[in-house]
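Visitor: Kindly return the folded structure for what I paste below:
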Amino acid sequence: MDDDPVTASPILHSHTVRLSYADTDPAGILYYAAWFPKMEALQSEFLFLQGLRQDTLKERFGWWTVSRATECEYLAAAQLFDVTRIDLRLGRIGASSFRFEFTMTRVDDDVVVARAANTVVTVSPEQSTVRIPADLRERLEAWSQP
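Guide: Residues are numbered from 1 along each chain as shown. A predicted model of the protein is given here:
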């Protein structure tokens, strides 16, 4: 994850959420796995808004994507009812994979509470890895530009 906000790629999409009881442990502290569904929802919404619906990629383009690896670094405690902004950026672009990066920032005090990433692989309809198709690579490169 790129720690330097100056060199980080631009924010592609953001969403603000208020943490709910279901997101926390009995002490009211964010349950560590709660970020993952929020990250996936932001990523899916961004791709949907770009015309890249996960449920139609295979039929429309002959390829689709799967998550290969996820990670999350917890930097500060997030608690019940904290309002948090989740920002989505594009990270590294490889031959057959690319990486979405997320920053979770508590709105009230602008503290980054977590950083995370999801590495996505392009695959054939049979789920074998394929090189990132030219049309997708073009979009990825455009999204990474400041």
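
Visitor: residues contacting the nearest residue to Val83 once chain neighbours are set aside?
Guide: Distances taken as C-beta to C-beta, 6 or more residues apart in numbering place Val107 nearest to Val83, at 4.4 Å, with adjacent residues excluded. For every residue, glycine as well, the C-beta is placed using N, CA and C. Counting by C-beta atoms under 8 Å, 6 or more residues apart in numbering, Val107 makes contact with Thr16, Asp82, Val83, Thr84, Arg85.

Visitor: What residues are bridge-paired with the third one?
Guide: The reference is to Val83. Arg18 (DSSP bridges).

Visitor: For it, the count of nearby residues, please.
Guide: 12 (other C-beta atoms under 10 Å).

Visitor: how close does it sit to Thr24?
Guide: 14 Å (C-beta to C-beta, to the nearest Å).

Visitor: In this structure, which helix is the longest?
Guide: Counting by DSSP state H, the longest helix found in the chain is helix 35-49.

Visitor: Check which residues of it are buried.
Guide: Buried residues in helix 35-49, counted by 16 or more other C-beta atoms under 10 Å: Trp35, Lys38, Met39, Leu42, Gln43, Phe46, Leu47.

Visitor: Over to stretch 101-108?
Guide: Result for stretch 101-108 [16+ other C-beta under 10 Å]: buried residues Glu101, Phe102, Thr103, Met104, Thr105, Arg106.

Visitor: Please apply the same query to stretch 121-135.
Guide: Quick answer for stretch 121-135 (16+ other C-beta under 10 Å): Val121, Thr122, Val123, Val130, Ile132.

Visitor: where does stretch 122-131 sit relative to the chain's centre, distance-wise?
Guide: Relative to the mean C-alpha coordinate of its chain, stretch 122-131 is positioned 20 Å out (C-alpha atoms, centre = their mean, to the nearest Å).
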